[in-house]
Structure formats: structure tokens, C-alpha cells
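**Q** Have a look; sequence and predicted model below, questions after that.
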Amino acid sequence: MNKISIPIGPQHPLLKEPLTMNIDISGERVLGGTLRLGYVHRGIERLAQQKTYVQNVHLIERICGICSHVHTTTFCHAVETLLGIDVPIRAQYIRALMCELERVHSHLLWLGIIAKHVGLDTIFMHTWHDRELALDIMEEVSGGRVSHAANQIGGVRFDLSQEQEAMIRKTVNDLSDKANTLMDVIENEPVLQARTKGVAPLSAETIKNYCVVGPVARASGVDVDMRRDHPPPPYDRLTFNVITRQDGDAWARTVVRAEETRETLKLCHTILDEMPDGPVSVRAPRKVPEGEVVVRSEAPRGELLYYLRSDGSENPARLKVRTPTLPALNLIPKQLSAIHVADIPVVMAGVDLCIACADR
Amino acid sequence: MSILKAVINAFRKTPDTVKYPYGPLVIPKGFRGAIVIDTEKCSGCGLCVRDCPAAGLELIKESRQDYQLIHYPARCAYCGQCEDSCARGAISHSNDLVEPTYDSDEWVVVLKHQSGD
Amino acid sequence: MISGLFYLLLFPGLLFQVICSLFFEWLDRKLLARFQRRVGPPWFQPLADLIKLFSKEDLLPEGANDLVATLLPLISLSAVLTAGLYIPIAGFTPFSFEGDLIVILFLMSVPTLAYYLAGVVSVGVYSILGGSRSLLQFFSYEVPLLIALSGPAIMSGSWSVEQIMISQGSMGPFILFQPVGFVLAVVGLIGKLKRDPLDIPKAKSEVVGGPLTEFTGAKMGLWHLVMNIQAVLGIFLLTNLYLGWTKTFNPLVAVVVFIIEFLVLVVILSGASAIYARLRIDQLAGLGWRILVPLSLLQIGFVILMGI
């Protein structure tokens, strides 16, 4: 059959954010593809140099619409390290709680998307409603559903009251029930497994060569998790399991994320149990002393790296953000060969694309 | 077939949709809505304007007694930084939703107009 | 003459079928919404959608054959409307003759071929991909569907739907004797209608809109109408062939039973689209030829043995 080239993107029902893939196919076989990025480049790193540290917290929050909190947490952690101030323990725990809730809603969102791409709209609707519970908690405590504005340099903006803690516990329990039901559904869904098992498997070696991080790496048996390997506070005090699978195919990625959702919900309970009393913020000076720092943390999609250089003024001299999606995007053209056209959505969704993060 | 069970359960329950314009909308207590100001407390110091990350606030200051604090709701990011920065607790977010507009350029709210006397 | 026009335009012709198809679409969407914890559309939504589509601008890409693209939905619509004249509704059969089942099945496969051609003449890449997929799917479901539907005909010894219904009146509904055939017919019907979970030719995340990607306006509206009328007629046909033992009943009872059976089949179709994921096209072909065809042959063998 003749080779034809189908464009996927910038606008395509498969994509929630713009990118372009030109995919060469022959009949129902995919021969290969090329990737083009940059549609949502907003110049945030340059913009960050023109704004003060206080303003940057809100700018950084807008890098991503899903993992917004972990971005600000990492940025604040970097600034606080340069300033040499100790963030109150309670503030660290509240930050960690928000990060974990964010991981829950990000993973549920992803599970819904993979279900939608294989035609299981029911699971998509159900997971996205369950995800709302996590968003509701975050809106209730911080005031914003997506842009929480929970962090400030030196702590967090709000404190959790007794009623709020009880509400969070109740909702997290509720979410655990729903996550268990969801796991049950996914494990017993024959067509979903037929569509994802054995699709585009990645070896641990490939993962390491391409520096892929996060759930995609863990699904291929590469045991990396920044929360455990280089724990930012307060993760050094918390214990949790890191989920890994060996197969590396789309099904392993699904299972890793679903299991991680359950594990994260358990971690939310641990955080609430161990949260000490005390203040939630300390005063931070506006000017940051000269120096540079690299901070890493675990975003829902993998390792997030911030490099910050200060020249002693109110504005950062250089801010470099390395998001977990970019190496995963490099792997897509490699995965797009010797698969069916029908597997393209599974492959593209499998790496959990966040183009806004990747382009910045 | 646990998906069948999930589907039947979903069918028996009422839908989860919030019928917002036709039904009530629950807004959480801490929701960051429209910007309001306590004109008694505001002294026109400009701390909120300095820290605003979205250039949503402007202070036109002739003198200590003669100034205008202007809010541009279309530029505002509703991040709550002004509330945080204000030393006197004058500016804050209310719990109300911000109504949309057709003309965002002309959308200017004068929060406080102090004319000297 | 007057009664002929009545049959063609009002009942069981155009108007009745359009109203039934709009009702079917609403019920299907509403049920699916409730399965997915949503509210679903109000009752007039399908009609509003149709009016909206007919009032929209009609565009086709450069290089597409406008005449053929306009004719295809019209031909499909007339084919399904004609098929509707021969399908008994609650035992009411104005045009019954020996062999009308074959005519109905032939007329109802016209839209599938037109669907494929629509993909080819509207030159988009997704359209061509979707078109070739729709043909592949056609070869996978049509054979088991036809073999399964010949079960009732063999059992009653006639290729007339009315005759099949009459023999069900004495023997009992054929679903009792051919449950496997009924399931196969439902699967085949889902494949014919390109509904979820067998919506492979128009899978949104893979080929955008399938063969109809480039269609807009009134042509798209006609296609929607064709698909929905086809769905309604398919359900009517299955009801008559497998559950049509009410031919000799009091007409009022027959109508009530017919409506109940129609609703049950709609629930089955909506439920199937809610709980099953979409197969890949190679998996569907494997399912069709490795599982459905042998099963349908077994069913036919069973029917023939029973006849002896």
C-alpha cells in the first residue's frame, strides 16, 4: 500500500494541548513519525527574570494547569534554600498534602484519558467525577481549584482547621473507596487490557538512555522516585511504597498509575496523622543573597528540576525549569513504529503529555 | 464485569452534574472572588500594586492625600497576593463570582478615590 | 393512491421513521448520560441538532466531488426509508411479500457502502482511513449477521418477515430457540450502525470523524438521520425476527408489547456502548471470523437439526 502521512495536531481530538505529529502510515501500520513542539511557549523563564520573587510564585504556578502546586513548592523550596530560612514543619506538611492530592487528581485525570482513548467513555466520566473530590478539597482549603496560590516564600498562606482536617480525612476515605472500585473495574475490563497489553513496550535500558522519569520509567522497572531518592522536606520523615512494574507496556503504565493513586491516598492519611501543630509561615526577606541552587522534587509525571541563580537583587538572575514531560516526548517518535494506527492514542496518552509544562 | 455494576449504580443514583445557572452553586468559604476594599483602612501605600504579579492594580498618586487605587478585573489573576501584601488588611477577596464582560479593555474598577482636603 | 401516499409519507414511511429515529437518539443519549452519571439532553435536543445542522453552511474541501457527496446521503436515506416500508411495525405489514427479508437486508447495507464512498470522495486523509476501516468492519460483521438472521427464516421455512412472525405465533418467540443467534444479531447490528463499541471507522481519537470528517451542514444532518433511522429499523427487524410472536394478538396488546421490546433493545444497545471499550480493527476481524462466524454456523446447524 502507498505511504500516506497523517497530521496529528495542532488541533486533533486526541490532543488536549497543541503539538504536531506527522505520522507516516501504510494501511493500518504506522511506519514512523516526527514531533514538533513549541505552540504554547510563553517565555516564562525570561519573564521570571523580570519579576520579583514574590510575583514569581504566581507566575510559576501558571506553568502547568495540573501540577501547578508542585511547581510553586519546588520554586519556594529553591528560594528558601538560598535565603537559608527554615520553613515551619507544619507548612511543609501542608505543602506535601497538597502535592499528594495533586498527584491523585493528576493520575485520575490520566486514567480517564486513557479510558476515553480506547473508547471507554463511562470510565472517563466516572474517574473525572471522582477527581473532582480531590479538587474540591484543594479549593476548600486554598481558595482556588486549579491555581491554588497556596505557597508563599517562607511557608503556606493558610492553616488547616480541625473541621477542615476532618473533612479532608472523610473525603480521602471516600476517594479511597472510589479508587478501589476503579481498580477493580480496570483489572476486570478485558477490552482495555487487550488494547493496552504489549503495546509499545519500553526496556529499562531505553528509559535510562532517554532520561525518562516518573510513572513511565517505573512501569519499565526503573525504580526512581525523587520523594525517596532525594527527599525534599518533609518526605524524609514519611514512609511510602514506590510502585514499579517490569513490563514497560501501556498496561503496566496504567497499573502503575492506578496503584500509585491508592498508595498516595494512604500517604495523605499518614501526612494528616503526623502533621504537627505550629506556625505555617515565617517572614522572608524580599532580597535573596547571591548564589545558585538546584532543587529536585517529584511531580505527578516524574522528576521536576529547578535551577535558580540569584545576584542579590529582588529578581532572579536565571531560572531554569526542567519538566518531566520533555524526555518522555522525545520517546514518542521511537515508540511510533510497528504499531497500529489504533495504538497511536494509547502511545501518546501513555506518556501523560503535558505540553504546557514542556514548552513553558 | 464490575463495570456493569458501576454502570448500574450510576444509573440508580441521581446525576452528579451541577446545574449551575438553573440550580444552586456551592462556593467554598475561602474562594478567591472579586476584589473588594475597605476604604477606611486603605492608606494608598501601594504595597499591593508593587507585589501584584499581573499588573491588575494601579495607583495614581498625586500626593499623600490625593490618589486613586484602580483595579483591572480583566487583567487580575485572582491569586490573592494583594490581600497577602496589604499591611493594614484593607484589600481582600470577596466570596462572589466575577461577572463576565464583553469589553475587557474598558473594565476598570476604581477601588478608592481619595481627593485631597 | 391516497393510501399509498399515506404509507410512504406518514406511516410507516418518512414521518413515522423520522420521529422514531429522533426519539431513539434522545433515549440513547439520555440513557448513556445516566450510565455515565450525567444529566443528558432534553427531549427536543435531537430535533434541535438536526435543525441546526440543516441551517449551517455546507462546505467540502477542494478536490472533493460535491455532486457525489450530496447524492450519497440522499441515496442512503432513500434506501433505509424504503427498507422501513417492508419491516412490520407491531404486526402492521402493508407491503409484505415472500422474500422481503432479503430486500430489507440488501437495502440496509446500502448506507455502509455509501459511507465508504463518502470517505473516498471527500479527500481528507482521515476520511480515506475511516472509509477503508468501514469496509474492513463490513466484512467482519456482515457475514455472521446474515448467517444469524437466516436462522429465523430457516426455522419458519419462509423468507417473509410476516410469515416468520406468524410461525412464531404458533411456535413461540424464536429467541427461545436461537439465543446465540439473537446475541450475534445484536453484535452485528452494533457493527452495522458503527455505534460504540464497534465505532472503529469513526473512532474520534484515532481518525477524528472517520469518513464524515469533512462533511458539514445539511449533508451531515442527513447522515445523522440515516444512521438513526437505520438503528431504529435494525431494532424493529430484530424485534420482529426474534420476539415477534404477537402477530395474532389483539392489536393494542401487540403495540404495547412491541414498544416494550423496542425499549429493551435500546437499553441493550446503550448499555453495550457504555460498558465495552473499542476493539482494534484486527481484533475485530479476528473476533468476527474466529468466534462469531463459527457460532452462527453452529446456531444454523442447531436450527436445521431441530427442523428434522
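**A** Great, that's in hand.

**Q** ok, which residues in chain B are in contact with chain A?
**A** By the rule CB under 8 Å from any CB of the partner chain, the part of chain B lying against chain A is B:1-3, B:6-7, B:10, B:16, B:28-32, B:51-54, B:77-81, B:84-85, B:93. C-beta coordinates here come from the backbone N, C-alpha and C atoms, glycine included.

**Q** Pull out the buried residues from those.
**A** Neighbour counting by 16 or more other CB atoms under 10 Å in any protein chain shown classes B:3, B:6-7, B:10, B:16, B:28, B:30-32, B:51-54, B:77-81, B:84-85, B:93 among the residues of chain B next to chain A as buried.

**Q** Okay, helices next: where are they in the chain?
**A** You didn't say which chain, so I picked chain A. All helices of chain A, identified by DSSP state H, fall at A:44-50, A:53-61, A:68-83, A:89-117, A:121-142, A:162-187, A:190-196, A:204-209, A:215-219, A:226-229, A:250-274, A:325-335, A:344-350, A:355-359.

**Q** not what I meant, chain B
**A** So, for chain B - with DSSP H - the helices run B:2-12, B:47-51, B:81-85.

**Q** got the contact list for B:Ile91?
**A** Counting by CB atoms under 8 Å, 6 or more residues apart in numbering or on different chains, B:Ile91 makes contact with B:Ile35, B:Val36, B:Ile37, B:Asp38, B:Cys42, B:Cys48, B:Cys82, B:Glu83, B:Leu111.

**Q** Sort out which one of these lies nearest chain A for me.
**A** Taking CB to the nearest CB as the measure, chain A sits nearest to B:Glu83 out of the contacts of B:Ile91, at 9.1 Å.

**Q** check contacts around that closest one.
**A** Contacts of B:Glu83 by CB under 8 Å, 6+ apart are B:Ile91, B:Ser92, B:His93.

**Q** Does A:Thr171 touch A:Leu135 like I think?
**A** No. Using CB atoms under 8 Å, A:Thr171 and A:Leu135 do not qualify as a contacting pair, with a distance of 10.6 Å.

**Q** Pull stretch C:105-114 out as CSV, backbone CA atoms only.
**A** Extracted C-alpha coordinates of stretch C:105-114, given in CSV (Å, rounded to 0.1, in the frame of the first residue of the first chain):
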residue,chain,number,x,y,z
LEU,C,105,-31.1,-6.7,4.4
PHE,C,106,-29.9,-5.6,1.0
LEU,C,107,-31.3,-2.1,1.4
MET,C,108,-29.9,-1.8,4.8
SER,C,109,-26.3,-2.5,3.7
VAL,C,110,-26.5,0.4,1.1
PRO,C,111,-25.6,3.0,3.7
THR,C,112,-22.5,1.2,4.7
LEU,C,113,-21.2,1.2,1.1
ALA,C,114,-22.2,4.9,0.7
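
**Q** So what's the gap between that stretch and the chain middle?
**A** How far stretch C:105-114 lies from its chain's middle: 10 Å, per CA atoms, centre = their mean, to the nearest Å.

**Q** any idea of the mean pLDDT in it?
**A** In this model, stretch C:105-114 has an average pLDDT of 89.

**Q** Sort out which residues of that stretch are buried, please.
**A** Neighbour counts over stretch C:105-114 (16+ other CB under 10 Å) mark C:Leu105, C:Leu107, C:Met108, C:Ser109, C:Val110, C:Pro111, C:Thr112, C:Leu113, C:Ala114 as buried.

**Q** Please determine how far the third one is located from C:Ser170.
**A** If you measure C:Met108 against C:Ser170 using CB to CB, to the nearest Å, the figure is 28 Å.

**Q** Up against chain B, what does chain C have?
**A** So chain C meets chain B at C:Ala33, C:Arg34, C:Phe35, C:Gln36, C:Arg37, C:Arg38, C:Val39, C:Gly40, C:Gly271, C:Ala274, C:Ile275 (CB under 8 Å from any CB).

**Q** which bits of chain B sit near chain C?
**A** B:Met1, B:Ile3, B:Leu4, B:Val7, B:Ala10, B:Phe11, B:Lys13, B:Pro15, B:Asp16, B:Thr17, B:Lys19.
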